[in-house]
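*Asks:* Give me the fold of what follows.
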Amino acid sequence: MADLFLIEVPAPTGAAQDAVQPVFDRIADATSRANGELIEVQYGRDLGVVYGIIEHHSSEVLEGLLRHNELEFDAVIPVQLVGPTLDEVKAHRGAANYLVEWDIPEEIGLDQYLTNKKAKAHLYENVPETTFMRTYVRQDAIKCLCFYDAPDEEAVRRARDAVSTPIDRLTRIGD
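*Replies:* Numbers count the residues shown, from 1 in each chain. Okay, the predicted model is just below:
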């Protein structure tokens, strides 16, 4: 069984979508050559970061091929998908339009994070204009990436308030 991994690649300075496409292509090429599956690539416009989620059996093999494709990133980070199943994510790739990053406090471990997330998920119903799509939480519980479909940033902020979870970084996802 393969695992999910996150890479974060700096986007070219002042990058528009067309300037980011070569980064997407290099991630896709390396993933394919590593016999992995690219689950999604998202571009955080305001943060200037390209986020790749990749399904693969080996972080070492994946990292080697990503670096061979001249991608700059710190590490290949194991993540856990929270919310939909992986098959559901694959069926609706790219449906989100906002990304929230939350740097999880040290005192909250992965198990506590997952328990809290499950207990509060129903509270998103209080903000019907915003749809929680999925979260990738790092296995080391340092941070999570939460994807939403919302009309604007304020709607995302209301959704986060509804589940009593802060926002460290909020960005619109590139088209």
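*Asks:* okay, CA-based contacts and neighbour counts for the rest of this
*Replies:* Fine.
*Asks:* Would you quantify the distance from the residue of the chain positioned farthest from its centre to residue 19?
*Replies:* Distance from the C-alpha centroid of the chain peaks at residue 126, with 23.6 Å (Cα atoms, centre = their mean). Using Cα to Cα, to the nearest Å, one obtains 38 Å as the distance from residue 126 to residue 19.
*Asks:* Kindly report the same for residue 26.
*Replies:* Applying Cα to Cα to residue 26 and residue 19 gives a distance of 13 Å.
*Asks:* same deal with residue 99?
*Replies:* Per Cα to Cα, residue 99 is found 20 Å from residue 19.
*Asks:* Of these two, which one has the most company?
*Replies:* Neighbours per residue, other Cα atoms under 10 Å: of residue 99 and residue 19, the larger number sits with residue 99, 26 against 13.
*Asks:* residue contacts, residue 162?
*Replies:* Contact analysis of residue 162 by Cα atoms under 8 Å, 6 or more residues apart in numbering lists 123, 124, 126, 127.
*Asks:* okay if I get these as JSON lines plus secondary structure and distance to residue 112?
*Replies:* Converted to JSON lines, those look like this (DSSP: H, G, I helix; E, B strand; the rest coil; distance: Cα to Cα, whole Å):
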{"residue": "123", "secondary structure": "helix", "distance to residue 112": "18"}
{"residue": "124", "secondary structure": "helix", "distance to residue 112": "19"}
{"residue": "126", "secondary structure": "helix", "distance to residue 112": "23"}
{"residue": "127", "secondary structure": "coil", "distance to residue 112": "24"}
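*Asks:* Using neighbour counts, trim these to the buried set.
*Replies:* For the contacts of residue 162, a neighbour count by 16 or more other Cα atoms under 10 Å gives the buried set as 124, 127.
*Asks:* Confidence-wise, which helix or strand of this structure is lowest on average?
*Replies:* The weakest-scoring helix or strand in the chain, judged by mean pLDDT, DSSP states H and E, is helix 17-33 (a mean of 86).
*Asks:* I'd like the distance from the next helix or strand after that helix to the chain centre, please.
*Replies:* Proceeding N to C from helix 17-33, the next assigned helix or strand is strand 37-44, under DSSP states H and E. Centroid displacement of strand 37-44 relative to its chain, using Cα atoms, centre = their mean, to the nearest Å, is 8 Å.
*Asks:* With that, I have no additional questions.
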